[in-house]
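Undergrad: Here's my sequence, what's the structure:
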Amino acid sequence: MQVSKLKQKIPPKVFALLEKKGFNTLRPSQVKSIDAGLFDDENLLVCTPTASGKTLVAELAALNGIIHDHGKALYVVPLRALANEKHKQFTKAYPGINIGMSSGDIDSADTHLERYDLIVLTSEKLDSLLRHHAPWLKTVKTVVFDEVHLLNDPNRGPTLEVVIAILRKLLPHLQLIALSATIGNPEELAQWLDATLVKDDWRPVTLHKGVYHNSNITYEE
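TA: Predicted coordinates for the structure are as follows:
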């Protein structure tokens, strides 16, 4: 869909940034997220295939929290390598936004993070910041949880669950955006998150299923 058709639903400063970055069209999951209340501070659980546009949904929510609501945004990922990747990606894409990263020492309050608008970090680091009662956390408006299906992981799942529960209690006006391409019970998870479920099957490349046997692949019709 043309971005111009959604102009009335997008805050002016965020819309201007989209135009500046050259976004002319939005993908189905992005349109559905906007219709579901992305810019109305609604919690969203976005379950769509890989490369379907989930990251832009998260970016738009973060930009809205920073530019329109004058708060901070957190982008939570499961791995330090992914934190580095997202930090580089966001820093290049949004040079006008102060973007920080914290994924190392989990026994520090990292007071320097107060000067950043968007902070990329791991769930373990966010857990540490919560336990250290970092005062700037009170200014957080939007939190994105990437790969939220890891709630089911026996190692990372418990920390992620506790972090989400504490944040929702600590920040009653928080907007929570959860992203995943692989959730077996999205309706149940959306209910726990008090979030609107956004589902879509569109993907940029058609997925073909088949069976490989004796050097031949037989595809489903």
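
Undergrad: I'd guessed residue 150 sits against residue 157; true?
TA: Yes: Residue 150 is in contact with residue 157 according to Cβ atoms under 8 Å; the separation is 6.1 Å. In this view, the C-beta of every residue, glycine as well, is placed from N, C-alpha and C.

Undergrad: Between those two, point out the one with more neighbours.
TA: Each of residue 150 and residue 157 has its neighbours counted (other Cβ atoms under 10 Å); residue 150 has more, 20 against 14.

Undergrad: quick one: pLDDT of that one?
TA: Listed pLDDT for residue 150 reads 91.

Undergrad: Checking it next. Helix, strand or coil?
TA: Three-state call for residue 150 (DSSP: H, G, I helix; E, B strand; the rest coil): helix.

Undergrad: can you tell me which residues contact it?
TA: Contacts for residue 150 were tallied using Cβ atoms under 8 Å, 6 or more residues apart in numbering; they are 78, 156-157, 160.

Undergrad: Which of those residues sits closest to residue 121?
TA: residue 78 (10.9 Å; Cβ to Cβ).

Undergrad: How much space separates the closest residue to residue 7 other than its chain neighbours from residue 59?
TA: What sits nearest to residue 7 in space, not counting adjacent residues and going by Cβ to Cβ, 6 or more residues apart in numbering, is residue 15, at 5.8 Å. Using Cβ to Cβ, to the nearest Å, one gets 14 Å for the distance from residue 15 to residue 59.

Undergrad: With neighbour numbers in mind, choose between those two.
TA: Set residue 15 next to residue 59 and count neighbours by other Cβ under 10 Å: residue 59 wins out with 25 against 18.

Undergrad: how about that one, what does it touch?
TA: Here residue 59 is in contact with 90, 93-94 (criterion: Cβ under 8 Å, 6+ apart).

Undergrad: Please, which helix or strand holds it?
TA: Using DSSP states H and E, residue 59 sits within helix 54-63.

Undergrad: what mean pLDDT does the very next helix or strand once past that helix have?
TA: Sequence order places strand 72-77 as the next helix or strand after helix 54-63, per DSSP H and E. Strand 72-77 carries an average pLDDT of 96.
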